[in-house]
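# generate a structure from the sequence data that follows.
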Amino acid sequence: MKKTTGMLLVDDDPATLQIYSELLRTAGFEVWEASTGQEALQVTREKRPDLVLLDVRLPDLSGIEVCRQIKADAALRDIFVVLISGAATSVAHKIDGLETGADDYLVKPLEIDEFLARVRAIVRLQKARAELQRGEEHYRQLIEILPEAVGLIDLQGRLLAVNPQGVAMLGYANPAELLGKSASDFILPADHERFRRNLAAALGTGSMRNAEYTMLRKSGERFLAEASAVVSAEANGQPAGLVIVLHDTTERKWVENVLGLQRDFGSFLSSTDDLKAASQRFLKVVLAHEGLDCGAVYLVNLATRTLELTTHLGLSDSFVKRSSRLAADPVRDPLAGARQARVRDQAGPIAAIVQQFRRDRVQVLEAIPIQHSGQVVALLNVGSRAGAA
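The predicted model follows:
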């Protein structure tokens, strides 16, 4: 059922109020009347009209003050307010009225046909804006329930909006901490120039697909993410900014890395039956490839339920002694925690070895179980002293 547009007509002249009210009702609008500012505010709160036609000069509050109070009320601010004046027609007065939030300004006297035409045009505008706001609200709700992080940046790369997933991904407490910051603030400096190039290219082509960056959380922790973007346009078709979708690829890359390491370890084993010799060569290759400076390989001995520190690089003698004693202690399951994707916070001997790395001022990057022929045969710990606490 089509809703009849409701209007509140506010004027302290009874004759004007009667004439224009009857005119609007004849035109098919639902009309309420008020002759003072206070009455206008009361009716607006009770009836929630679509449009308030508000005389500037009223016996108590001015129309401008009434408009200001309506627009200051979160429950009423979407109501269209049109100021009407027969005297305050200077540019300064009009600006003053519009700056209070008024949506239009009419000047009396108005011919009846012109008045109705202007009112109908304002109603069309009000309906179009209401429809747009409903669409934006629907769009916002969709964005908020997406599992990916979604943000809106302007043409200079400043963050204008972000959904809860984006706030959580970047390690912040609320959107207010993020808004206004440059998107580059969340990207590793080494990737800044590539991000700027990709941003410029996206504005030219209309989109960007699966660009990978090393991102930074508020804590300084790094993570990998793929970014895709589409241009957000103004009503005139000109670019206004970009909507960016971020997908955290850290876990996927970690799995790919583990699978690659396991294949590499298998290739070393294929050239020798000596696990110790294979693990020494393997550790050197991994550290060189990853740009790291320390690590260790523990071979698994399920017969004795122990881990054996087989080879190490860049670790102190005291660490080697402590770690060797720890690994050699029989435990119920020497691989407790190693079957998880992350073992930093797992209980058991693997987590204890990780703690030994930390005590030796090594920033542990990964503790990775290495499989061969379907069995876990070794545990690889790699890290770096650079930036370690």
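# CA atoms for contacts and neighbours, from now on please.
Noted.
# ok now the longest strand seen in the chain, how far from the chain's centre?
Scanning the chain for the strand with the most residues, using DSSP state E, yields strand 222-233. Here strand 222-233 is found 11 Å from its chain centre; the criterion is Cα atoms, centre = their mean, to the nearest Å.
# one more: stretch 237-249?
11 Å.
# list the buried residues for it?
Residues of stretch 237-249 classed as buried by neighbour count (16 or more other Cα atoms under 10 Å): 239-249.
# same thing with stretch 108-121?
For stretch 108-121, by 16+ other Cα under 10 Å, it's 115-116, 119.
# which of these lies closest to Pro109?
Phe115 (9.2 Å; Cα to Cα).
# what about that closest one, which helix or strand?
helix 112-145 (DSSP states H and E).
# likewise Gly383?
Per DSSP H and E: strand 375-384 holds Gly383.
# parallel or antiparallel, which strands does that strand pair with?
strand 294-301 (antiparallel), strand 363-372 (antiparallel) (DSSP bridges).
# ranking these by mean pLDDT, which is last?
Note on the strands paired with strand 375-384: lowest mean pLDDT is at strand 363-372, with a mean of 66.
# what is whatever helix or strand comes next after the longest strand of the chain packed up against?
Once the chain leaves strand 222-233, the next helix or strand it forms, by DSSP H and E, is strand 239-248. Under the contact definition 3 or more Cα pairs under 8 Å, 6 or more residues apart in numbering; DSSP states H and E, strand 239-248 sits against strand 149-154, strand 222-233.
# compare the ones you listed and give me the one nearest Ala327.
Minimum separation from Ala327 across the helices and strands packed on strand 239-248 (Cα to Cα) falls at strand 222-233, 29.9 Å.
# flag every buried residue along the longest strand of the chain.
Neighbour-count burial for strand 222-233 [16+ other Cα under 10 Å]: 222-232.
# now render those residues as a markdown table, adding pLDDT and distance to Pro369.
What follows is these, written out as a markdown table (pLDDT from 0 to 100; distance: Cα to Cα, whole Å):
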| residue | pLDDT | distance to Pro369 |
| --- | --- | --- |
| Arg222 | 81 | 22 |
| Phe223 | 84 | 21 |
| Leu224 | 84 | 21 |
| Ala225 | 88 | 24 |
| Glu226 | 88 | 26 |
| Ala227 | 89 | 30 |
| Ser228 | 89 | 33 |
| Ala229 | 88 | 36 |
| Val230 | 87 | 40 |
| Val231 | 86 | 43 |
| Ser232 | 80 | 45 |
